[in-house]
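*Asks:* Coordinates for the following, if possible.
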Amino acid sequence: MHGKMIFVLLLSAARQRYPHNFSQPVITVIIYSVMAVIIGIILISAQLIGLLIKRNPTPGTSDPLTSVKIGETEYSN
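*Replies:* This next block holds a predicted model:
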């Protein structure tokens with residue numbers, strides 16, 4: 001029983017609020033800015049990976065399967 005009370009007291013002591021000098025709109029702008037930067041980094045990374053894959057195809061897959069021409073048949077005499 002005393003262990004639970006000590007645990008609750010430790011949790012309540014850890015949740016102290018610290019004063020800050022930012023208003024609510026400023027905090028909102030900071031949070032959205034951080035989110036935009038993270039999303040931008042993810043999108044740029046995906047774009048760069050896509051470019052690298054297009055430039056360096058794996059061997060054996062760079063030639064498309066177009067060796068057979070449609071409409072042309074070979075007749076042997």
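
*Asks:* can you list the weak-confidence ranges in this protein?
*Replies:* 1-16, 56-77 (pLDDT under 70).

*Asks:* mind listing the helices for it?
*Replies:* For the chain, the helices defined by DSSP state H occupy 2-14, 24-55.

*Asks:* I'd like the ones you listed as CSV, with mean neighbour count appended.
*Replies:* Quick note: C-beta positions are derived from backbone N, CA and C, even for glycine. Listed next are the helices of the chain as CSV, based on neighbours: other Cβ atoms under 10 Å:
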stretch, mean neighbour count
helix 2-14, 9
helix 24-55, 10
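
*Asks:* Compute the number of surrounding residues for residue 17.
*Replies:* The number of residues packed near residue 17 is 5, by other Cβ atoms under 10 Å.
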